[in-house]
Every structure is written in C-alpha cells, then in structure tokens.
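A.B. asks: Sequence first, predicted coordinates after that:
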Amino acid sequence: MAASTAPLPVPSPLPEVCRISYCDLWVRGTSVFCTGHDGRWKARGRLDIEDFTASYEERGPGGAEHIDLRRLPVQLRLEMQYALQCRHDEATKKIRPAWAQRLVNALADAQIRSLLDEPEEFWKTFRGPTGTWATGWGTFLLGARRRVEELAYGRGWEAEYPRTVWRLRNLGIVHPHTSTITFEKIAQPWLRDLAKRWARWRLSGGINAGTVRAGVRMVARISAFLPAEVTGLAQVDRALLERYLADLHAAMGGRSTHNAFISNLNTFLRTIRVHRWDETLPGNATFVPEDYPTPPPLLSRSVAEHVMAQLEDPANLARWQDPARRLITLVLMRCGLRVTDAINLPLDPVVHDTEGAPYLRYFNHKMKREALVPIDEELEQQLRDHQRRILEERPEGVSVPFLRADANLRGDRPISTSGYRISLTGWLQRCESRDELGRPVHITPHQFRHTLGTRLINKDVPQEGVRQILDHTSAQMTAHYARLSDTTVRRHWEKARKVNAQARPSPWTQPALSRRRTGQNRGSPGPPSPCPMATADCRWCSRARTPIRV
C-alpha cells in the first residue's frame, strides 16, 4: 500500500455549503450543490434549483436522505432516536438511511410500542410482519435495546448481577473477544447463585473475562449432569464427583479441554469452601491429583528451518499485499510475541536503553504487564517508517499502528486476530511454501514464538535469558516452548565425550586394550601393563596403587 499524498490545504475563504439544508459538504466548483447532490441534479435533467431542493426538503417517507420515524409510537420513536444518535456519536459504523428506513417501517408494521416490551431473544431474530429482513437488523436492535435498558435502569453491578446474561461493558470491562457472560444454561437456582458469586469475585480480582466465562461454562456442564434429586450443595459429595468424572471421560476423553473442566470445577468448589459461601458443602467434595488425566507429551511446535528459510526470503516477504501485516509477521518471527500482543502494539513501540540499543515495548496481555524485547536496527527502522506512513495517511491522528480497514472512523481499532490469521493463510498460499514431503505448509502465528525459543536454545542462549526474552513467569514454560533440536543434543553429547571432569581426554575415547596385550589371560595373570591414564596426579591410580584396566 503506497503512502498517500499530503492533505490539501484549507481554502481561504471557505467555499459555500450545499444548498440542501441538512448537507454540510462544500459545493462543487461553480455549482450550488455538493459533489453527490450535483451529480443527482444533473442526472435528473438539471431541474430548477428551487424545485430540486424542495424535493429533498418535503416531508416524505424517507429512505434516501433522511429517516422518517413519525409512524412509530412515541416511546419507540424516542428509543430509536436515542439509539441512532449513539451510533452517530460513536462514529464506528455508518448508518445508511435506506437500510434504517426499512427497519423503521418493519417496526411500525409490527405495532411494537417499546424495545423493552420484548426479550433480547426476540430482537436477535426480528423480522417484519411480512417476513421482511435485512442483514444487521438483529445486531442493531439488540444493541439499541441494551442502550435503552441501561438508560432506564442504570449500569453497574446493581443492574447486572440479577440478570442471567451479564453485559461486561455495563460493568466497565472491555474485552476484545468477550462481551457477555451467560448463566442461562445453569438450571439449578442454588448453583446459578454460587456461579454468579464466583464470577463476580474473579472479575473483581482482575481475572480475564474470557477465563471467567470459560469457568462459568464448565459449571454449566456439571449442572446438566446433576440428577433431579440433587437439590443442594450438600448432596455434591465425592461419590457424585466420581460419577461425573466417568461421564466427563466418556464425553471428552483425550481432548485438551478435559483437564480444564476438572480444574475449573475444583477451583469453584475450593473457592466456595475457602470463603464459606455454603457451609453444607461436604469435605470430601474435591478432586485429587490422580483424577486428572495424564496429558500426552507435548512436542515442539517450532517451524522447520528449511520452511523458515522460505518464509524469511525477502522475495516471499514482498508477496504481502499489506505492509502492516507484513510488519506484524516480522515482529512475530523476530520477537516471539503472541499475535494479540503484536497487533495491539502502541503507536510508538520502540524505546532505547542508556547505551542507545533499541527495544520493543509491548503489553503482555497474558501476564498483564508491560515487557521489553531487544530488536535490531533494521526492525526499528521498519517500525519507524510504518509509523510515519500511518500518520501521513491519517493526519487527524491514530492511537494504534496496525489499523483495521473498516468500521474504524476514529482510528483506534487494530486489525483483528482472525483477520490476520486469514491473511497469513493467503500469504502462505502465495508463497507456495512446502514441507519436507512437498506438502503445502500450514502455520499458526503462535508457532513463530515456539520457533524463536527453539532457535535461542539451539544457539546456547541460557534458559534464563530465553525466559526473559519470551517474558515467561516460570522456567517450566520456557522449557516447554524452547526444545533442543536433535543436532544440538548430538553436539553436546559429542562435546561431553571428548574430555572428562579434569578436562583431560575421556577414557571413553581411549582404545580398549585387549586381555592378550596386557597378559590378563585366564590362568596366567602375567605382569600388569601400565595404566593408560597413570600420571602423577591421577587420583584413581594413586588410591588403588594399581593400574586401571580398560
């Protein structure tokens, strides 16, 4: 994507605005209309200017230029006005008048009096009485209902806690992939109350909203398992949990989420016991280490070096159609960031130490902390060039370097992770990269992180250094991500065979002396031969006072 030209200077004096009263665009040349209205005026045969203007001003059914809400009842009209104004103020998505007018007409035909008269499930699949429907109606109406409900009943825990679906934005929690937490699938009221209390406690402690939602979903799993005769937590004992373990193994034995279901339920029960939310919980209602299935050994997910050589080829990197996504790929390869951290870099991510060496500053969303990773001057220059290009394209200002192309009028929304993954797949296809069997390669963004860790270990970087570069909390995480390759293991093994603990040639490498040469034939001891390692400071010989036979 080539850099755009510099913005045009503001003319002085300012041109007149379009003759249409609600259009504030500048007129086109000597015309009295803006570019859009001037084109329509010419297409309609250059009507009289006053007549053409009046055709847009007269009160009509709306659709092309404005939205007519007069057919709606008073309450619903106010609610729709408020929802449309909020959408306009947020400036994230455009509202097409023709699309909105069809929706308004469908609401009027359905004789709806208020958005709050129907539950959220009704608005998700709303259709007009005649079956009319358009893409986006459900999303807009669901959002409009939530806005009106927030305006009517307020926001915060007092409003959200009694609901079966929590809207995280009303709690001040913004998560890129999680907007709600639902308790609808927890049938038992007593279990739902405990799950809500657990979820609120975890959210208040800063636990990731996606993690909290996953925990609630796993509580819903045991809710569906509980028999009808279980009417309280007092009946959830060890015998019931063992039956649940058997059911869980039959349903998902061998899957990666098997351990997670047990772990989350155990955390849920332990939290209830520690905080004494329900004193009736039996003491044996817990899981022991033997209840967790043994996970299969995790092999290294690093990309083979011959494949990385293809991907790092400048000719293949040039096949990226978007320079922003190309730069994200370089950051993943050279810095080992997670894809979420890479696309959410700050606009100016480069900092320097006291010696002037560059570092990439980013927020580690998994550990919830800022981190630094060293980079070279080439990557620093590419980041600077990209920052300069973005500011030239968006002189009004942006807050993120990797901008989303649509629904981003404010310039504060980065590329989505799913969008980058799709682009990565397309790039791999254009590169025609092949594995050792000649098959097209499929690579996930996180494999670049494994690859960097493996490369560092294979270059004899201490594991503590690798841990700091990858910003791991524990050495066990580094040991999983950074695996020694077969060639490195062999190189260390051969190096260990060459010398012993005293830095002398190892006896492993000395030729074995046959019994015939040493005179050690059976029945004839003969004179012993000198020890091949017999030196003045040989501690083995000095202790035994006899040569060591090898």
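C.D. replies: Yes, it's here.
A.B. asks: make it CA atoms for all contacts and neighbour counts henceforth
C.D. replies: Fine.
A.B. asks: all strands of the stretch 201-350 of the chain, in order?
C.D. replies: Assigned by DSSP state E, counting those that start in this stretch, the strands in the stretch 201-350 of the chain fall at 350-352.
A.B. asks: Provide a list of residue ranges in it with pLDDT below threshold.
C.D. replies: Along the stretch 201-350 of the chain, the parts satisfying pLDDT under 70 run over 297-300.
A.B. asks: Could you rerun that using 90?
C.D. replies: Along the stretch 201-350 of the chain, the model assigns pLDDT under 90 to residues 205-208, 252-257, 293-302, 304-305, 321.
A.B. asks: which residues of it fall in helices?
C.D. replies: Assigned by DSSP state H, counting those that start in this stretch, the helices in the stretch 201-350 of the chain fall at 209-225, 238-252, 258-275, 305-311, 314-317, 323-335, 339-343.
A.B. asks: Remind me what the longest one packs against, helices and strands.
C.D. replies: So the one you mean is helix 258-275. Judged by 3 or more CA pairs under 8 Å, 6 or more residues apart in numbering; DSSP states H and E, helix 258-275 is in contact with helix 189-204, helix 209-225, helix 238-252.
A.B. asks: For the helices of the stretch 201-350 of the chain, give me JSON lines that also has distance to I112 and mean neighbour count.
C.D. replies: Listed next are the helices of the stretch 201-350 of the chain as JSON lines, based on distance: least, CA to CA, whole Å; neighbours: other CA atoms under 10 Å:
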{"stretch": "helix 209-225", "distance to I112": "33", "mean neighbour count": "19"}
{"stretch": "helix 238-252", "distance to I112": "44", "mean neighbour count": "14"}
{"stretch": "helix 258-275", "distance to I112": "43", "mean neighbour count": "17"}
{"stretch": "helix 305-311", "distance to I112": "57", "mean neighbour count": "14"}
{"stretch": "helix 314-317", "distance to I112": "55", "mean neighbour count": "14"}
{"stretch": "helix 323-335", "distance to I112": "46", "mean neighbour count": "20"}
{"stretch": "helix 339-343", "distance to I112": "42", "mean neighbour count": "21"}
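A.B. asks: could these be laid out in a markdown table, adding distance to L171?
C.D. replies: Shown next, in a markdown table, are the helices of the stretch 201-350 of the chain (distance: least, CA to CA, whole Å):
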| stretch | distance to L171 |
| --- | --- |
| helix 209-225 | 11 |
| helix 238-252 | 33 |
| helix 258-275 | 22 |
| helix 305-311 | 44 |
| helix 314-317 | 43 |
| helix 323-335 | 32 |
| helix 339-343 | 23 |
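A.B. asks: And for V104, nearest residue in space, chain neighbours not counted?
C.D. replies: Spatial nearest neighbour of V104, excluding adjacent residues (CA to CA, 6 or more residues apart in numbering): L69 at 6.7 Å.
A.B. asks: The helices and strands packed on helix 258-275: which one's closest to P314?
C.D. replies: Each of the helices and strands packed on helix 258-275 has some distance to P314 by CA to CA; the shortest is helix 209-225, at 37.9 Å.
A.B. asks: how much does the closest one deviate in direction from helix 258-275?
C.D. replies: 90 degrees (axes from the mean of the first three to the mean of the last three CA atoms, to 10 degrees).
A.B. asks: Just the buried positions in stretch 36-45, please.
C.D. replies: H37, D38, W41 (16 or more other CA atoms under 10 Å).
A.B. asks: Look at the first one and give its secondary structure.
C.D. replies: What that stands for is H37. helix (DSSP: H, G, I helix; E, B strand; the rest coil).
A.B. asks: Please report the distance of it from D24.
C.D. replies: Distance from H37 to D24, counting by CA to CA, to the nearest Å: 12 Å.
A.B. asks: Likewise for the last one?
C.D. replies: Between W41 and D24 the distance, using CA to CA, works out to 17 Å.
A.B. asks: Next: the second one.
C.D. replies: From D38 across to D24, the span is 14 Å (CA to CA).
A.B. asks: And for K124?
C.D. replies: Distance, K124 to D24, using CA to CA: 35 Å.
A.B. asks: ok, and for stretch 361-374, which residues are buried?
C.D. replies: For stretch 361-374, by 16+ other CA under 10 Å, it's R361, Y362, F363, N364, A371, L372, V373, P374.
A.B. asks: One more: stretch 384-395?
C.D. replies: Quick answer for stretch 384-395 (16+ other CA under 10 Å): H386, Q387, R389, I390, E392, E393.
A.B. asks: Going by distance to I328, which of those residues wins?
C.D. replies: For the buried residues of stretch 384-395, the minimum distance to I328 (CA to CA) is 10.9 Å, reached by H386.
A.B. asks: can you map out the helices along the stretch 351-500 of the chain?
C.D. replies: Listed in chain order, the helices of the stretch 351-500 of the chain (DSSP H, counting those that start in this stretch) span 377-393, 417-431, 445-458, 463-470, 475-481, 486-498.
A.B. asks: how far out from the middle of the chain is the longest one?
C.D. replies: With CA atoms, centre = their mean, to the nearest Å as the basis, the distance from the averaged C-alpha position of helix 377-393 to the chain average is 24 Å.
A.B. asks: tell me the angle it makes with helix 323-335.
C.D. replies: Using the same axes, to 10 degrees: helix 377-393 against helix 323-335 is 160 degrees.
A.B. asks: Verify the contact between N364 and E370 for me.
C.D. replies: Yes: counting by CA atoms under 8 Å, E370 is a contact partner of N364 at 5.7 Å.
A.B. asks: In this protein, what helix or strand scores lowest on average pLDDT?
C.D. replies: In the chain, no helix or strand scores lower on mean pLDDT, DSSP states H and E than helix 515-518, which sits at a mean of 41.
A.B. asks: Hmm, T164 is touching K185, no?
C.D. replies: No: in this structure T164 lies outside contact range of K185 using CA under 8 Å: 9.3 Å.
A.B. asks: re the thing from before, between the buried residues of stretch 384-395, which is nearest P73?
C.D. replies: Once CA to CA is applied, the member of the buried residues of stretch 384-395 that ends up nearest P73 is E393, at 44.9 Å.
A.B. asks: From L403, how far out is that closest one?
C.D. replies: To L403, E393 is 11 Å away according to CA to CA.
A.B. asks: you'd agree H386 is up against A324?
C.D. replies: Yes: shown here, H386 and A324 form a contact pair, counting by CA under 8 Å, at 7.4 Å.
A.B. asks: tell me, what's touching the two both at once?
C.D. replies: Shared contacts of H386 and A324 (CA atoms under 8 Å, 6 or more residues apart in numbering): none.
A.B. asks: Once you drop chain neighbours, what's closest to L116?
C.D. replies: Nearest one to L116, counting by CA to CA, 6+ apart, is R145 at 6.5 Å.
A.B. asks: any idea of the mean pLDDT in the helix or strand where the one you found lies?
C.D. replies: Using DSSP states H and E, R145 maps to helix 137-153. Helix 137-153 shows a mean pLDDT of 89.
A.B. asks: which residues touch the helix or strand that that helix is followed by?
C.D. replies: As assigned by DSSP H and E, the chain's next helix or strand after helix 137-153 is helix 157-160. Identification of contacts with helix 157-160 by CA under 8 Å, 6+ apart yields Y153, W166, R167, N170, L171.
A.B. asks: and A106, what does it touch?
C.D. replies: So, once contact is read as CA under 8 Å, 6+ apart, A106 ends up touching R127, G128, P129, T132.
A.B. asks: So which of the residues you listed sit within strands?
C.D. replies: If you go by DSSP state E, the contacts of A106 have nothing in strands.
A.B. asks: would JSON lines of the residues you listed with distance to T178 be doable?
C.D. replies: Formatted as JSON lines, the contacts of A106 follow (distance: CA to CA, whole Å):
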{"residue": "R127", "distance to T178": "27"}
{"residue": "G128", "distance to T178": "30"}
{"residue": "P129", "distance to T178": "33"}
{"residue": "T132", "distance to T178": "31"}
